[in-house]
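In: here's my sequence, what's the structure:
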Amino acid sequence: MNPPSEIYNIQVAAAVKKATLPFGRMVALAALAGMCIAFGACTSSMAAFGVKNYGLARLVAGSVFPVGLILIVLVGAELFTGNNLMAMAWWEKKIGVGGLLRNLVVVWFANLAGSVLLAAIVAGSGQWGADGGALGAYTVKVAAGKAALSPCAAVCSGILCNMLVCLAILAAASSKQTVGKIFAIWFPIMAFVLGGFEHSVANMYYIPAGLMALPEYGEKAAAMNVATDALTVAHAARNLLFVTIGNLVGGVVFTAALWGRAQRPAK
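Out: So this is what the prediction gives:
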C-alpha cells in the first residue's frame, strides 16, 4: 500500500504527463472518458428507474455508476474532474499554468463530445423504450431536475461531488492491486450519487439524453408531474457552467490544496 506522501508523488508525476500529452491523444482519451462516465450514467438509470423509494433508488444507481471512473482509472483516460488534481504539480512548479489550463479546457470539451455521442447512440439503441417508455420518461425527469437547479445549488453540489471524486482517485493510488483500486473508487463514487451531488461530466450525458428523449417521452414525463419547461439548451448550459465551477472548487481548493498541502513530502 502506498502511503499518502507517495500518493502525492504519483499524482504530481501523472500531472506532468497529462500536461504534455499531444493534442490528438488528449482529445481521444478525454472523449473515451466521457463515454465511460456516460456508460455509468445510462446503466445506473436502467437499474434505478423502477425503484419507487427515493433513497433506495439513489443507492441502486450509486452501486452501478462507479463503473465509469473504475474504467477510466484502470485503462487510462482523461477526466476533467479528476484532472483538477493536476494543480498539485503546478504548485510544485513541475508544470506551468498554460499546461494546466490547456489540459482542463481541452479535456472538458472532449469529455462533452464523448458523453453526447454516447447519449446519441443510446437514443438509437431503443433503451429508453424499456417498460413501455418508463425509462425514457425517467431520463427526461433526471435531466429536468438537473436543469432546474439554482446556480447556488449547482455550485455547492458540484463542490461536494468533486471532493469525493478526487478523494476516490487519491484512494485508488494508495493500492498497487486492481481489486484494491476498484474498492477504493467504488464507495466514494457511490456516496456522491447517493448524496445527489452534481458531476459536470455525468451531466454531459444526463441532460443531453433528457433533451433527446423529450420529444418522444416528454408527455409521459409530464404525466409524472415533471416540469419539462426547464429542460432547454439554455438551462443545460447554465447547469454545466455552475456545476463545473463547483467541481473546480471541490477539486482544486478543497482536495488538491487541503490534502496536497497537508501530505506534501518534506523537502
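In: contacts and neighbour counts: CA atoms only from here.
Out: Noted.
In: which stretches in the stretch 101-250 of the chain count as helices?
Out: Assigned by DSSP state H, counting those that start in this stretch, the stretch 101-250 of the chain shows helices spanning 130-147, 151-172, 178-194, 200-222, 233-248.
In: now for the second one, which elements pack on it?
Out: If contacts are counted by 3 or more C-alpha pairs under 8 Å, 6 or more residues apart in numbering; DSSP states H and E, helix 151-172 sits against helix 178-194, helix 233-248.
In: for residue 103, which of these is the nearest?
Out: helix 233-248 (13.4 Å; C-alpha to C-alpha).
In: can you spell out which helices and strands pack onto the closest one?
Out: Under the contact definition 3+ C-alpha pairs under 8 Å, 6+ apart, helix 233-248 sits against helix 130-147, helix 151-172, helix 200-222.
In: and it with helix 130-147, angle?
Out: Helix 233-248 and helix 130-147 are oriented at 70 degrees to each other (axes from the mean of the first three to the mean of the last three C-alpha atoms, to 10 degrees).
In: and the next helix or strand after helix 233-248, how far from the chain's centre?
Out: Tracing the chain past helix 233-248, the next element assigned as helix or strand by DSSP states H and E is helix 258-263. Distance of helix 258-263 from its chain centroid, counting by C-alpha atoms, centre = their mean, to the nearest Å, is 23 Å.
In: what's the answer for stretch 15-29, then?
Out: Averaged C-alpha coordinates place stretch 15-29 at 19 Å from its chain's average position (C-alpha atoms, centre = their mean).
In: before we move on, the earlier item: of the helices and strands packed on helix 151-172, flag the one that's most buried.
Out: Mean neighbour count (mean count of other C-alpha atoms under 10 Å) peaks for helix 233-248 among these, with a mean of 22.
In: contacts for it?
Out: 81, 84, 146-149, 151-152, 154-163, 198-200, 203-204, 207-208, 211 (C-alpha atoms under 8 Å, 6 or more residues apart in numbering).
In: ChimeraX command to pick out the buried ones of those residues?
Out: Restricted to buried positions by 16 or more other C-alpha atoms under 10 Å, the ChimeraX selection for the contacts of helix 233-248 reads:
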select :81,84,146,147,148,149,151,154,155,156,157,158,159,160,161,162,163,198,199,200,203,204,207,208,211
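In: where are the low-confidence patches of the protein?
Out: 267 (pLDDT under 70).
In: if we can go back for a sec, what would the helices of the stretch 101-250 of the chain look like in CSV with distance to residue 121?
Out: Shown next, in CSV, are the helices of the stretch 101-250 of the chain (distance: least, C-alpha to C-alpha, whole Å):
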stretch, distance to residue 121
helix 130-147, 14
helix 151-172, 26
helix 178-194, 24
helix 200-222, 10
helix 233-248, 19
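In: list just the one of those helices that sits closest to residue 39.
Out: Here helix 200-222 is closest among the helices of the stretch 101-250 of the chain (C-alpha to C-alpha), at 8.9 Å.
In: any residues touching the closest one, and which ones?
Out: 34, 37-38, 41-42, 80-81, 108, 111-112, 115-116, 118-120, 123, 128, 133-134, 136-144, 146-147, 158, 228, 231-233, 236, 240, 243-244, 247.
In: good, wrapping up.
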